[in-house]
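Undergrad: Return a 3D structure for these sequence lines:
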Amino acid sequence: MVIIVGGIFLISTNKEEQPTEDQTTDSSSIETTGEQNELIKKYEKLELAYNNTLNEIETVIEDDNMNLNILKENLTQILTTIKEEKQKINLGKDSSTPQDNTRQLEELLDMSKEVLAERLLEEKNRNEKLTIDNRKLHYNLKKSMDHFEKEKTKNVKLNAEVSQIKTRIKSLEQEGESASNELKVLKRQKDEVERRLIESNKTIKQQTEQIQELGEIIRKVNVDCYYFYEKGNPTDEAKIYLTSQGVSEKYVKYFVRQKPDIYVEFKITKDFFDYNIEKVDLKLYNSLNIEIYSVSKVVNSEYLKIIIPNKNYSPGKYSISLYAGDENLLLDDRYWFKIVN
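TA: Predicted structure coming up:
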C-alpha cells in the first residue's frame, strides 16, 4: 500500500480490482473539500461573533475607555488570525491537515475564552472594589453629616447665648453707672461668644462643601434647613438651623408665635447626573408621616432655595423628602428636624 497526500492507492496484480487514479483523486477531493467547507463555516461563525462583540464595544467605549480599548485590541488581534486562517483555506494555500485546522480553531476559541474570562475577572474585582469603596463612602458621608448636625446644633446654642447676653447688656445699660463693671464683663463675654459663632459659621460652610463633594459621588445632595429669628432686625437677626436635635425653648416659642417661613437650601450639580434635571419635588411630613405640604421647584441654577410657608405648624417632629423624578436625592431618604427643645 502506498500513501500519497491527497489520496490512498492500493497496488494489486489484479487490474480489474485496481481503481483508476482519477476515481481515487475525485473521492479524496470531495472528502477534503467537505471538511474544508465545515471549517470555513466554523471560522465564519467565530468571525461573526467577534465582529458583533467589537460593534457592541464601540457603543459603550466612552464609558470605560481604557479597559474596553484593551479588550477591543485583544479581540481584534484574534479576529485577524481568524480571517487569515479562513483565507488560507478559501485559497487552497493551507497545507495543514483538517485535524491541524480543527486544532488551530480550538486554540483560537480557547484564546477567546481566556481574553473574555480575564476581562470578566477584572470587572468582578472592579465591582467588588467599588462596592467596598461605596460602603466606605456612605460611612464617611454619614459620619460627616453627624458632625455637621452637631455643629449646627452648637451654632443654635451660641446664637441663643449671644441673644441672652445682649438682652442682659440692654438691661444693665438702663441701670447706668452702677452696673458698669458687670457691663464690661458681659461685653467681653459677648465678643467671645460672637467669635465662636463666627468660627462655627465657617465650620458649617466648610462641612457643607465637604459633604456636597462626597454626596455628588453617590448622587446625593446636602440640605440646609433653617428659619430666621427676628428677621429684618439688624441687632437680633439669626439663622436658626433646624436639625433632629431640636432647638431651645426660646426658639420654639418664637416659631409658634411668629410663624416664620422654613427655608430648605441645597446645591445640585446638573452636569453630575446622567439626565437633565428640570425640576425637583419637595414634600413636608409631620410626626405621623402625613404629607402636609408639597411643592415643585424648577432647576434653573446649581443653588436652590425652597421656602415652606409656616401654616401654623405646631411643635413636633418633621421630615422632608426631595426627589428628581423617581430618584431620591437625600442620603437617608428623609431630612428630619424637630421644633422642640
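Undergrad: Can you show me the helices along the stretch 151-300 of the chain?
TA: Secondary structure of the stretch 151-300 of the chain (DSSP state H, counting those that start in this stretch): helices located at 180-217, 249-258.
Undergrad: would you turn those into TSV with distance to Q164?
TA: No exception for glycine: its C-beta is placed from N, CA and C like everyone else's. What follows is those, written out as TSV (distance: least, C-beta to C-beta, whole Å):
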stretch	distance to Q164
helix 180-217	9
helix 249-258	8
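Undergrad: Lowest average pLDDT across those helices?
TA: Lowest mean pLDDT within the helices of the stretch 151-300 of the chain: helix 180-217, at a mean of 82.
Undergrad: which strands and helices sit next to that one?
TA: Packing partners of helix 180-217 (3 or more C-beta pairs under 8 Å, 6 or more residues apart in numbering; DSSP states H and E): helix 98-175.
Undergrad: Nearest to Y241, out of the helices of the stretch 151-300 of the chain?
TA: helix 180-217 (8.0 Å; C-beta to C-beta).
Undergrad: Just want to check the distance between I240 and S296.
TA: 26 Å (C-beta to C-beta, to the nearest Å).
Undergrad: Between these two, which is the more surrounded one?
TA: I240 (22 against 11; other C-beta atoms under 10 Å).
Undergrad: so what's the more buried one up against?
TA: Counting by C-beta atoms under 8 Å, 6 or more residues apart in numbering, I240 touches V156, N159, Y226, Y227, F228, Y229, V247, Y251.
Undergrad: circling back: adding mean neighbour count and distance to L330, write the helices of the stretch 151-300 of the chain out as TSV.
TA: Below are the helices of the stretch 151-300 of the chain laid out as TSV (neighbours: other C-beta atoms under 10 Å; distance: least, C-beta to C-beta, whole Å):
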stretch	mean neighbour count	distance to L330
helix 180-217	15	9
helix 249-258	15	23
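Undergrad: you'd agree I308 is up against K283?
TA: No - at 10.1 Å, I308 and K283 do not qualify as touching, with contact defined as C-beta atoms under 8 Å.
Undergrad: Same drill for these two, tell me which one is more crowded.
TA: Set side by side, I308 and K283 show more neighbours around I308, with 20 against 15, by other C-beta under 10 Å.
Undergrad: what residues are up against T208?
TA: F148, N222, D224.
Undergrad: Make CSV out of those and add pLDDT, distance to Y335 and neighbour count.
TA: Shown next, in CSV, are the contacts of T208 (pLDDT from 0 to 100; distance: C-beta to C-beta, whole Å; neighbours: other C-beta atoms under 10 Å):
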residue, pLDDT, distance to Y335, neighbour count
F148, 83, 12, 21
N222, 81, 10, 26
D224, 89, 9, 18
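Undergrad: For the chain, give me the ranges with low pLDDT.
TA: 1-36, 45-47, 49-75, 78-79, 86, 89-139, 176-179, 212, 214-219, 269-276 (pLDDT under 70).
Undergrad: mind giving me the domain split of it?
TA: 2-95, 129-338 (automatic domain parsing).
Undergrad: Can I get stretch 247-259 in PDB, CA atoms only?
TA: Extracted in PDB, the C-alpha atoms of stretch 247-259 (Å, rounded to 0.1, in the frame of the first residue of the first chain):
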ATOM      1  CA  VAL A 247     -33.900  73.900  69.400                       C
ATOM      2  CA  SER A 248     -34.100  75.800  72.600                       C
ATOM      3  CA  GLU A 249     -37.400  76.700  74.300                       C
ATOM      4  CA  LYS A 250     -36.900  80.400  73.300                       C
ATOM      5  CA  TYR A 251     -36.800  79.500  69.600                       C
ATOM      6  CA  VAL A 252     -39.700  77.000  69.900                       C
ATOM      7  CA  LYS A 253     -41.800  79.800  71.300                       C
ATOM      8  CA  TYR A 254     -40.800  82.200  68.600                       C
ATOM      9  CA  PHE A 255     -41.500  79.600  65.900                       C
ATOM     10  CA  VAL A 256     -45.000  79.000  67.300                       C
ATOM     11  CA  ARG A 257     -45.800  82.700  68.000                       C
ATOM     12  CA  GLN A 258     -44.300  84.400  64.900                       C
ATOM     13  CA  LYS A 259     -44.700  81.500  62.400                       C
END
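Undergrad: before we move on, the earlier item: with the contacts of I240 in mind, which one is nearest to I40?
TA: Y226 (75.0 Å).
Undergrad: The closest one: neighbouring residues, count only.
TA: 20.
Undergrad: Next: A238.
TA: A238 has 21 neighbours, counted by other C-beta under 10 Å.
Undergrad: That one contacts Y229, doesn't it?
TA: Yes - when contacts are counted by C-beta under 8 Å, A238 is listed as touching Y229 (4.6 Å).
Undergrad: Tell me which residues touch S287, please.
TA: Shown in contact with S287 (C-beta under 8 Å, 6+ apart): G316, K317, Y318.
Undergrad: Of the residues you listed - the most surrounded one?
TA: Of the contacts of S287, with other C-beta under 10 Å as the count, Y318 tops at 22 neighbours.
Undergrad: and L304, bridged to which residues?
TA: F266 (DSSP bridges).
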